[in-house]
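A.B. asks: have a look; sequence and predicted model below, questions after that.
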Amino acid sequence: MNLSTGLSTTLFLSILLHWVHFTEVVLTKFYLEQSFLYSIASIFKDQYDATYFASHIVLYILLTLIVLLVLLPKYQKYFLILYTWIFISEAHHIIMSLSSASYTPGAISSLLYILLGIFYIKYLARDWKNL
(Lines give C-alpha, C1' and ligand atoms only; values in the text may rest on other atoms or scores of the structure.)
Protein backbone atom coordinates (compact mmCIF):
# COMPACT_ATOMS: atom_id res chain seq x y z
CA MET A 1 0.00 0.00 0.00
CA ASN A 2 1.31 3.39 -0.99
CA LEU A 3 0.12 6.17 1.25
CA SER A 4 0.19 9.74 0.00
CA THR A 5 2.45 12.24 1.70
CA GLY A 6 -0.54 13.92 3.34
CA LEU A 7 -1.95 10.69 4.76
CA SER A 8 1.48 9.49 5.89
CA THR A 9 2.18 12.83 7.56
CA THR A 10 -1.13 12.88 9.43
CA LEU A 11 -0.56 9.29 10.60
CA PHE A 12 2.91 10.20 11.85
CA LEU A 13 1.65 13.36 13.56
CA SER A 14 -1.16 11.36 15.18
CA ILE A 15 1.39 9.03 16.77
CA LEU A 16 3.20 12.04 18.24
CA LEU A 17 -0.15 13.44 19.35
CA HIS A 18 -0.98 10.17 21.13
CA TRP A 19 2.09 10.70 23.32
CA VAL A 20 1.23 14.34 23.94
CA HIS A 21 -2.35 13.39 24.86
CA PHE A 22 -1.18 10.55 27.10
CA THR A 23 1.17 12.94 28.90
CA GLU A 24 -1.55 15.56 29.36
CA VAL A 25 -4.04 13.00 30.67
CA VAL A 26 -1.55 11.50 33.14
CA LEU A 27 -0.17 14.84 34.38
CA THR A 28 -3.65 16.28 34.90
CA LYS A 29 -4.91 13.06 36.55
CA PHE A 30 -7.81 12.33 34.20
CA TYR A 31 -8.16 8.90 35.78
CA LEU A 32 -9.36 10.53 39.02
CA GLU A 33 -12.38 11.99 37.22
CA GLN A 34 -13.54 8.77 35.60
CA SER A 35 -15.65 6.54 37.81
CA PHE A 36 -15.75 3.81 35.17
CA LEU A 37 -11.97 3.48 35.48
CA TYR A 38 -12.39 2.81 39.20
CA SER A 39 -14.95 0.08 38.55
CA ILE A 40 -12.70 -1.59 35.98
CA ALA A 41 -9.65 -1.30 38.23
CA SER A 42 -11.52 -2.87 41.14
CA ILE A 43 -11.32 -6.32 39.50
CA PHE A 44 -7.54 -6.32 40.04
CA LYS A 45 -5.88 -6.92 43.39
CA ASP A 46 -3.66 -3.81 43.23
CA GLN A 47 -2.44 -1.06 40.91
CA TYR A 48 0.49 -3.14 39.69
CA ASP A 49 -1.86 -5.90 38.57
CA ALA A 50 -4.09 -3.36 36.83
CA THR A 51 -1.12 -1.71 35.10
CA TYR A 52 0.29 -5.04 33.94
CA PHE A 53 -2.97 -6.30 32.49
CA ALA A 54 -3.97 -2.97 30.95
CA SER A 55 -0.64 -2.59 29.18
CA HIS A 56 -0.63 -6.18 27.95
CA ILE A 57 -4.20 -6.08 26.68
CA VAL A 58 -3.36 -3.00 24.62
CA LEU A 59 -0.11 -4.59 23.44
CA TYR A 60 -1.85 -7.78 22.28
CA ILE A 61 -4.58 -5.86 20.49
CA LEU A 62 -1.90 -3.79 18.74
CA LEU A 63 0.14 -6.86 17.79
CA THR A 64 -2.99 -8.58 16.45
CA LEU A 65 -3.80 -5.57 14.30
CA ILE A 66 -0.24 -5.43 12.97
CA VAL A 67 -0.34 -9.11 12.03
CA LEU A 68 -3.72 -8.64 10.33
CA LEU A 69 -2.37 -5.66 8.40
CA VAL A 70 0.55 -7.74 7.16
CA LEU A 71 -1.46 -10.89 6.38
CA LEU A 72 -4.46 -9.15 4.82
CA PRO A 73 -3.05 -6.34 2.67
CA LYS A 74 -6.24 -5.93 0.63
CA TYR A 75 -8.08 -4.92 3.81
CA GLN A 76 -5.52 -2.35 4.96
CA LYS A 77 -7.64 0.56 3.85
CA TYR A 78 -10.43 -0.60 6.15
CA PHE A 79 -8.03 -0.47 9.09
CA LEU A 80 -7.29 3.12 8.09
CA ILE A 81 -11.02 3.81 8.40
CA LEU A 82 -11.08 2.23 11.87
CA TYR A 83 -8.22 4.52 12.84
CA THR A 84 -10.52 7.52 12.41
CA TRP A 85 -12.34 6.34 15.55
CA ILE A 86 -9.41 7.64 17.62
CA PHE A 87 -9.90 11.17 16.30
CA ILE A 88 -13.65 11.01 16.89
CA SER A 89 -13.58 9.34 20.30
CA GLU A 90 -11.16 11.82 21.84
CA ALA A 91 -13.77 14.57 21.42
CA HIS A 92 -15.28 13.35 24.72
CA HIS A 93 -12.75 15.50 26.59
CA ILE A 94 -14.10 18.63 24.89
CA ILE A 95 -17.72 17.55 25.42
CA MET A 96 -17.00 17.01 29.12
CA SER A 97 -15.31 20.43 29.36
CA LEU A 98 -18.21 22.19 27.67
CA SER A 99 -20.82 20.43 29.79
CA SER A 100 -19.01 21.27 33.03
CA ALA A 101 -17.91 24.74 31.86
CA SER A 102 -14.41 23.96 33.12
CA TYR A 103 -11.20 22.32 31.99
CA THR A 104 -11.33 18.55 31.73
CA PRO A 105 -7.95 16.76 31.62
CA GLY A 106 -7.10 15.94 28.02
CA ALA A 107 -9.16 18.76 26.49
CA ILE A 108 -6.21 20.69 25.08
CA SER A 109 -4.77 17.82 23.07
CA SER A 110 -8.31 16.69 22.23
CA LEU A 111 -8.70 19.88 20.20
CA LEU A 112 -5.60 18.88 18.26
CA TYR A 113 -7.11 15.42 17.65
CA ILE A 114 -10.16 16.99 16.04
CA LEU A 115 -8.07 19.29 13.86
CA LEU A 116 -5.70 16.51 12.81
CA GLY A 117 -8.65 14.16 12.29
CA ILE A 118 -10.20 16.56 9.78
CA PHE A 119 -7.01 16.46 7.72
CA TYR A 120 -6.68 12.69 8.12
CA ILE A 121 -10.22 12.08 6.86
CA LYS A 122 -9.68 14.55 4.01
CA TYR A 123 -6.52 12.75 2.85
CA LEU A 124 -8.06 9.31 3.34
CA ALA A 125 -11.10 10.25 1.22
CA ARG A 126 -8.88 11.76 -1.47
CA ASP A 127 -6.58 8.72 -1.61
CA TRP A 128 -9.26 6.03 -1.21
CA LYS A 129 -9.19 4.78 -4.82
CA ASN A 130 -5.40 4.49 -4.78
CA LEU A 131 -5.23 2.39 -1.62
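C.D. replies: Here it is on my side, so go on.
A.B. asks: count of neighbours near Leu65?
C.D. replies: A count of nearby residues for Leu65, using other C-beta atoms under 10 Å, gives 13. Just so you know, the C-beta spots here come from the backbone N, C-alpha and C atoms, and that holds for glycine as well.
A.B. asks: same question, Ile15
C.D. replies: Residues lying near Ile15 (other C-beta under 10 Å) number 8.
A.B. asks: can you report how many residues lie near Phe79?
C.D. replies: Phe79 has 14 neighbours, counted by other C-beta under 10 Å.
A.B. asks: quick one, what contacts it?
C.D. replies: Phe79 makes contact with Leu65, Leu68, Leu69, according to C-beta atoms under 8 Å, 6 or more residues apart in numbering.
A.B. asks: just the ones of these in helices?
C.D. replies: Leu65, Leu68, Leu69 (DSSP state H).
A.B. asks: how about a markdown table for those, with distance to Phe119 and pLDDT added?
C.D. replies: Conversion of those to a markdown table gives the following (distance: C-beta to C-beta, whole Å; pLDDT from 0 to 100):
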| residue | distance to Phe119 | pLDDT |
| --- | --- | --- |
| Leu65 | 22 | 81 |
| Leu68 | 25 | 83 |
| Leu69 | 22 | 80 |
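A.B. asks: closest to Gln34 out of the residues you listed?
C.D. replies: Using C-beta to C-beta, Leu65 comes nearest to Gln34 of these, at 24.8 Å.
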